[in-house]
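**Q** next come a sequence and a model predicted from it.
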Amino acid sequence: MAGALLARLLLDVGVAPVNVDTVEIGLDVLCERLGASRAALAEAVAEGVRRGLLHDPVRLPPGALQCHWHLEPTARGRAVLRRLTRPRSPG
């Protein structure tokens, strides 16, 4: 299940979005940062996009000649991040 990994992924890219030339490089960066397999991360990214928590990572910036892979949370994803990082009151 990608749920727990998706939460870790959201926390990671919420602090340091990934902006690279290809999906392969992006997944390699995330593998190193999160210690997960490419397959598990690809599943977590797809789940995050489906749930509206992550923007579609394939982007064609204005004036660019090729697509880039840029992974960052959506507004909904940032709301989830705030809940995940909110200090919990004791008891």
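**A** Arrived safely.

**Q** for residue 70, name its beta-bridge partners.
**A** residue 19 (DSSP bridges).

**Q** was I right about it contacting residue 54?
**A** No: if you go by C-beta atoms under 8 Å, residue 70 and residue 54 don't touch, sitting 10.3 Å apart. C-betas here are computed from N, CA, C, even on glycine.

**Q** three-state assignment of the closest residue in space to residue 53 that isn't next to it in sequence?
**A** In space, and not counting its chain neighbours, residue 53 is closest to residue 77: 3.7 Å by C-beta to C-beta, 6 or more residues apart in numbering. Here residue 77 is helix, with the state taken from DSSP: H, G, I helix; E, B strand; the rest coil.

**Q** could you count how many residues lie near residue 49?
**A** Using other C-beta atoms under 10 Å, residue 49 has 16 neighbouring residues.

**Q** so it sits against residue 42, correct?
**A** No: counting by C-beta under 8 Å, residue 49 sits too far from residue 42 to count as a contact (10.8 Å).

**Q** buried set for the strand or helix carrying residue 13?
**A** Assessed by DSSP states H and E, residue 13 sits inside helix 3-15. Buried positions in helix 3-15, judged by neighbour count with 16 or more other C-beta atoms under 10 Å: 5-10, 12-14.

**Q** would you reformat the residues you listed as a markdown table and include distance to residue 30 and pLDDT?
**A** Below are the buried residues of helix 3-15 laid out as a markdown table (distance: C-beta to C-beta, whole Å; pLDDT from 0 to 100):
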| residue | distance to residue 30 | pLDDT |
| --- | --- | --- |
| 5 | 10 | 92 |
| 6 | 12 | 92 |
| 7 | 14 | 92 |
| 8 | 10 | 93 |
| 9 | 7 | 93 |
| 10 | 12 | 92 |
| 12 | 7 | 92 |
| 13 | 8 | 91 |
| 14 | 13 | 88 |
